[in-house]
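*Asks:* here's a sequence, model it:
(4 chains)
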2 protein chains.
Amino acid sequence: MNTFQLLQNIAKHIQLSETEQASVAEAFNSSTLKKKQMLVQEGSVHHFTSFVVSGCLRLYAIDKNGYEHILQFAPTGWWMGDIRSLLTGEPGALNIDALEDSVIMTIEKSVLDKLYQSIPALERFFRLLAENSLATYQHRLIDNLSLAAADRYKNFCKRYPTLIEQLPQKQIAAYIGVTPEFMSKMLAHKQQKNK
Amino acid sequence: MNTFQLLQNIAKHIQLSETEQASVAEAFNSSTLKKKQMLVQEGSVHHFTSFVVSGCLRLYAIDKNGYEHILQFAPTGWWMGDIRSLLTGEPGALNIDALEDSVIMTIEKSVLDKLYQSIPALERFFRLLAENSLATYQHRLIDNLSLAAADRYKNFCKRYPTLIEQLPQKQIAAYIGVTPEFMSKMLAHKQQKNK
DNA sequence: TTGTTTTCTTAACCTAGATTATTGGAACAC
DNA sequence: GTGTTCCAATAATCTAGGTTAAGAAAACAA
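*Replies:* Numbers count the residues shown, from 1 in each chain, chains lettered A, B, ... in the order given. Modelled structure (predicted):
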């Protein structure tokens, strides 16, 4: 079952008894997404969190000119959700869709809130998840404030070596914050240099 | 005592009994910072978190050219720490100092970890704190990816109206991601427009 | 297989914002 | 007071990256 990877992921940070594991597993629902299929659309209230069993999702905003800006990718073994909407209960400004055919495990906010009561350790798990994510966003923000595009690309390669292979460069451009055209130019220059 | 504001801040998200409140209050130490005084310096391991009772702190990175990039301000009633260093136990890349004479309440990581055991609700408090902070960073990152400097400034004004008055514009420039020179030019243009 | 959509590349031109330099005020220290 | 440090304003010049456009190459669908 898909719950195996989920429980294994949780076990990285906290230890659960057999019965606790069972009730966690029970609280999630498995579902599949076709490539390009939307999971969350901006303007709607987001009331669940997802764990990616296989495939790859993306979280992104669309600006007034129609350009997409990617906040994060979620390949296998990552968590994904629009936290703001989840916290406030208000309609979100973010979109989530699948970059590949994907399998995810989803838990409703209401169910998770109940689970927090019976399994306090879970609260710790999601605290650590949020804190780690926060540190990552801080780091990325600094990169965006202080580095040129070429260096941001280099950092991306270092940090997510598998994603470079996996994703079209257009998507990576939308992540590091340049146009696909400039990205292409940048890579061409790089190759020339390496010769 | 200074613990009053601290406990009040915590009470926004969770409810603690009298005895719990007492042991929380006991776990923190009060200290003061003079304007410009460093609290945390990059390269050193960061092993505590602080609550700002009065004054204002800033969290920032210094790039290879010596420019400062501000991740966040922490005026009265905010929390401040270098989460990455706190989580990993490794030396941090960030600095924290005081923009004004400040009073803070500080708790050691080791003390907090023990406190989590005896008061699980605290774990929830810091989960919510991290999640809210995460949402804020996401929003800011989108702003940086999709908006021009003038719009980022406008958003800053809307979001932190008191800080605009309180801080020299040089600091705000280092937050929204422009040079002080460009910031000055931008504001001059704005005034002209409004005439 | 062929049409269709998506992705990537290249190139000419353009602009937001950086860089460098200079000046005048505030604020602060002594 | 006066020297000193910090802060803001202005202007000239420069560049990283955006914009527009058009074609080549994959990827996909029927």
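
*Asks:* now the strands: where do they sit in chain A?
*Replies:* Using DSSP state E, the strands of chain A run over A:29-33, A:38-40, A:48-54, A:56-62, A:68-75, A:79-80, A:95-98, A:102-108.

*Asks:* OK, contacts around A:Ala22?
*Replies:* A:Ala22 makes contact with no residue under the criterion Cβ atoms under 8 Å, 6 or more residues apart in numbering or on different chains. The C-beta positions use only the backbone N, C-alpha and C, and glycine is treated the same way.

*Asks:* ok, now the one 10 residues further on?
*Replies:* For A:Thr32, the contacting residues are A:101-104, by Cβ under 8 Å, 6+ apart.

*Asks:* output these as JSON lines; include the columns pLDDT and neighbour count.
*Replies:* Output for those, formatted as JSON lines (pLDDT from 0 to 100; neighbours: other Cβ atoms under 10 Å in any protein chain shown):
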{"residue": "A:Asp101", "pLDDT": "92", "neighbour count": "14"}
{"residue": "A:Ser102", "pLDDT": "93", "neighbour count": "25"}
{"residue": "A:Val103", "pLDDT": "94", "neighbour count": "17"}
{"residue": "A:Ile104", "pLDDT": "96", "neighbour count": "27"}
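
*Asks:* and which of those is nearest A:Val52?
*Replies:* Of all the contacts of A:Thr32, A:Val52 sits closest to A:Ile104, with 5.5 Å by Cβ to Cβ.

*Asks:* okay, and the beta partners of the closest residue in space to that closest one that isn't next to it in sequence?
*Replies:* Leaving aside its sequence neighbours, A:Ile104 sits nearest to A:Ser50 (Cβ to Cβ, 6 or more residues apart in numbering or on different chains; 4.5 Å). Under DSSP bridges, the beta-bridge partners of A:Ser50 are A:Met80, A:Thr106.

*Asks:* I figured A:Ser50 was touching A:Thr106, is that so?
*Replies:* Yes - using Cβ atoms under 8 Å, A:Ser50 makes contact with A:Thr106 at a distance of 4.8 Å.

*Asks:* how about the residues of chain A near DNA strand D?
*Replies:* Within chain A, the positions near DNA strand D by Cβ under 7 Å from any atom of the strand are A:65, A:67, A:148-150, A:177-179, A:181-182.

*Asks:* out of those, who's nearest chain B?
*Replies:* Nearest to chain B, judged by Cβ to the nearest Cβ, of the residues of chain A next to DNA strand D is A:Gly177 at 4.8 Å.

*Asks:* what sits closest to that closest one if chain neighbours are left out?
*Replies:* B:Leu145 (4.8 Å).

*Asks:* likewise for A:Pro75?
*Replies:* A:Cys56 (4.6 Å).

*Asks:* I'd assumed A:Ile70 was in contact with that neighbour.
*Replies:* No - counting by Cβ under 8 Å, A:Cys56 stays clear of A:Ile70, with 11.5 Å between them.

*Asks:* list the contacts of the closest residue to A:Leu99 other than its chain neighbours.
*Replies:* Sequence neighbours aside, A:Cys56 is the residue nearest to A:Leu99 in space, at 4.6 Å (criterion: Cβ to Cβ, 6+ apart). By Cβ under 8 Å, 6+ apart, A:Cys56 lies in contact with A:73-76, A:98-100, A:102, A:163, A:166-167.

*Asks:* where does A:Cys56 land on pLDDT?
*Replies:* pLDDT, A:Cys56: 94.

*Asks:* please report how far the residue positioned nearest the centre of chain A lies from A:Gly55.
*Replies:* Centroid check for chain A by Cα atoms, centre = their mean gives A:Ala74 as the closest residue, at 3.5 Å. Distance of A:Ala74 to A:Gly55, given as Cβ to Cβ, to the nearest Å: 9 Å.

*Asks:* repeat for A:Asp63
*Replies:* When distance is defined by Cβ to Cβ, A:Asp63 is 26 Å away from A:Gly55.

*Asks:* which one of these two has more residues nearby?
*Replies:* A:Gly55 (19 against 13; other Cβ atoms under 10 Å in any protein chain shown).

*Asks:* neighbours around the nearest residue to A:Asp97 once chain neighbours are set aside, how many?
*Replies:* Spatial nearest neighbour of A:Asp97, excluding adjacent residues (Cβ to Cβ, 6+ apart): A:Met38 at 4.7 Å. As a burial measure, A:Met38 scores 12 neighbours (other Cβ under 10 Å).

*Asks:* repeat that for the one 5 residues further on.
*Replies:* By the other Cβ under 10 Å criterion, the neighbourhood of A:Gly43 contains 10 residues.

*Asks:* now the phi/psi pair for the residue nearest to A:Ser146 when sequence neighbours are not counted, please.
*Replies:* Closest residue in space to A:Ser146, ignoring its immediate chain neighbours: B:Asp63 at 3.9 Å, by Cβ to Cβ, 6+ apart. Dihedral pair for B:Asp63: phi -90, psi 180, per degrees, to the nearest 10.
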